[in-house]
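>>> Sequence first, then the predicted structure, then my questions.
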Amino acid sequence: MTLEDLGWNEVFEREFAPFDQKGWKPARLIRDNRITYGALLGDGEEREVVMGGKVYHDAQTDAELPAVGDWVALELGGEDDETVIRARLARQTCLSRKAAGHSAEEQVIVANVNIVIVVTEAGADFNPRRLERYFALIGRSGARAVVLVNKTDLFPDSKNKEVAEVIRSLNPQAEIHLTSAEKNRGLKAVKAYFQKGVSVAFVGSSGVGKSALVNQLLGDEYQWTGDVNEVTGKGRHTTSARELMVLRKGGIVVDNPGIKEVQMWTDETTLRERFLDIEALAGQCKFFDCKHTSDAGCAIRSAVSSGGLKAERYAGFLKLDEEIQKLKGRCKKRQMTIERRSKREGRSNVRNHSDRLELEQELRPWRTRRI
């Protein structure tokens, strides 16, 4: 195994040069154990590592802390010493979402992946609005989007193809494949994505067959899967933690736990790139500042009325846009809070420093007498 097998490239090489002079070693994080991390070095050695204090304190948010897929600089420890993460290299791509709840925190799903494969199926899991969210997040990440309509053996061909066409209408740039891990169908096309140094992340709801697909691709039962429920068609086991694995024939795969909520963490530009049809219609409105509600000459409302634009898609767009606006407000408020806190701490540090100087001046004569 080499660093290139793990996704190393010239950009990482240049950034790492100063750390190389310190004797630190490059490694890629393959597992987050909450307190420690699993890291893979270029020679194939796996080590359990801890985060250095400077890395922790320099991070402005949790999203800036090391995550699965990150490249880091390690100070290797001896037999009785810990191996420590001394720096995290800049991410070339980053798939993230908003953390659950009402916070304005970014949650990193995986870093430095080239391709994100969304796994769904033609049954109860299929949800066009959820896929729109995935496409928005993937678009922001910088990775390629691929969708697998899995478990095709459980549904008629017409149903599988219908679902594929709906997905294609949501994102014409996405590559779509019909697969069945159970029957080993369509996996040849998926295996073609796995090339030396290429990182591929699997995401999707619990029970859609991600782990079964990964098992097929790895060739061994690295990810244990249970029997399939005959009523729901879903596996009884889901991946409990994300892990990066290197394929023997080349390529890197990241299997993620099932995602219940696809919380938005993106910007308005990326959102509109995912809804170019709506953007084009907005440009045809009679008035430049059309609110698309009761304004005369609204092309969007006209398209919805005539059936040219599905009401569900437009409603989905409005909901995502609303979420992004709320997120922007929370982020701005959070930034203001951080800035105020920093100013208070700065003033406090100045006062403490001034107090120390005054105290030293008062004590200096006494110290002189004692000497």
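On my side now, so go ahead. Residues are numbered from 1 along each chain as shown.

>>> give me the number of residues near V190?
Applying other CB atoms under 10 Å, we find 20 residues neighbouring V190. (Glycine included, C-beta is placed from N, CA and C.)

>>> actually V208, not the one I typed
Neighbours of V208 (other CB under 10 Å): 28.

>>> what residues go with each domain of the chain?
For the chain, automatic domain parsing gives the domain ranges 4-88, 94-255.

>>> Tell me which of the ones you listed is the most buried.
Most buried of the domains of the chain, by mean neighbour count (mean count of other CB atoms under 10 Å): domain 94-255, with a mean of 19.

>>> Contacts for the helix or strand that contains F12, please.
F12 is located in helix 10-21, with elements delineated by DSSP states H and E. Here helix 10-21 makes contact (CB atoms under 8 Å, 6 or more residues apart in numbering) with 26, 71, 73, 86-87, 89-90, 92.

>>> Give me the mean pLDDT for it.
Mean pLDDT, helix 10-21: 95.

>>> Next SSE downstream of the helix or strand of the chain with the lowest mean pLDDT?
Of all helical and strand segments in the chain, the minimum by mean pLDDT, DSSP states H and E falls on helix 268-274, at a mean of 56. Past helix 268-274, further along toward the C-terminus, the next helix or strand under DSSP H and E is helix 276-282.

>>> That following helix packs against which elements?
Packing partners of helix 276-282 (3 or more CB pairs under 8 Å, 6 or more residues apart in numbering; DSSP states H and E): helix 299-306, helix 311-370.

>>> and the first one, how far out from the chain's middle?
Pointing back at helix 299-306 there. Counting by CA atoms, centre = their mean, to the nearest Å, helix 299-306 is centred 35 Å from the centre of its parent chain.

>>> That helix packs against which elements?
Looks like helix 299-306 contacts helix 276-282, helix 311-370 (3+ CB pairs under 8 Å, 6+ apart).

>>> Ranked by average pLDDT, which of those falls at the bottom?
Among these, helix 311-370 scores lowest, at a mean of 60.

>>> I'd like the domains of the chain as CSV, with distance to H292 appended.
CSV is the format used below for the domains of the chain (distance: least, CB to CB, whole Å):
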stretch, distance to H292
domain 4-88, 33
domain 94-255, 18
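
>>> right, and these - which one's nearest A280?
domain 94-255 (13.5 Å; CB to CB).

>>> neighbouring strands for the helix or strand where V84 lies, and are they parallel or not?
In the assignment (DSSP H and E), V84 maps to strand 83-88. Here strand 83-88 has these sheet partners by DSSP bridges: strand 46-51 (parallel), strand 71-75 (antiparallel).

>>> what angle separates the shortest one from helix 10-21?
Yep, that's strand 71-75 we're talking about. 10 degrees (axes from the mean of the first three to the mean of the last three CA atoms, to 10 degrees).

>>> Which residues does strand 71-75 contact?
7-8, 12, 16, 19, 22-29, 39, 41, 47, 49, 52, 66, 83-89, 112.

>>> Quick one: mean pLDDT for it?
95.

>>> go on, the first one?
When pLDDT is averaged along strand 46-51, the result is 92.

>>> I'd like the next helix or strand past that strand.
Immediately after strand 46-51, counting by DSSP H and E, sits helix 53-58.

>>> got the contact list for that next one?
Counting by CB under 8 Å, 6+ apart, 64-66, 85-88 sit against helix 53-58.

>>> Now do the closest residue to F202 other than its chain neighbours, the pLDDT please.
Nearest residue to F202, sequence neighbours excluded (CB to CB, 6 or more residues apart in numbering): K210, at 4.7 Å. Looking at K210, its pLDDT reads 82.

>>> from the contacts of helix 53-58, which is closest to F135?
E64 (25.2 Å).

>>> need the contact list for that closest one.
E64 sits in contact with 58, 88, where contact means CB under 8 Å, 6+ apart.

>>> Could I get the strands paired with strand 83-88 in TSV, plus columns for distance to A282?
Output for those, formatted as TSV (distance: least, CB to CB, whole Å):
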stretch	distance to A282
strand 46-51	46
strand 71-75	41
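
>>> With respect to R144, which of those lies nearest?
strand 71-75 (19.8 Å).

>>> can you redo the contacts of helix 53-58 as CSV with distance to F202 and pLDDT?
Compiled in CSV, the contacts of helix 53-58 are given as follows (distance: CB to CB, whole Å; pLDDT from 0 to 100):
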residue, distance to F202, pLDDT
E64, 25, 89
L65, 23, 91
P66, 21, 93
I85, 26, 94
R86, 31, 95
A87, 29, 95
R88, 24, 95
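
>>> For the closest residue in space to V208 that isn't next to it in sequence, list each beta-bridge partner.
Spatial nearest neighbour of V208, excluding adjacent residues (CB to CB, 6+ apart): V119 at 4.8 Å. Beta bridges link V119 to L148, G204, judged by DSSP bridges.

>>> Check V119 and give its pLDDT.
pLDDT, V119: 91.

>>> in terms of contact, does it touch G204 like I think?
Yes - contact criterion CB atoms under 8 Å: V119 and G204 qualify, at 3.7 Å.
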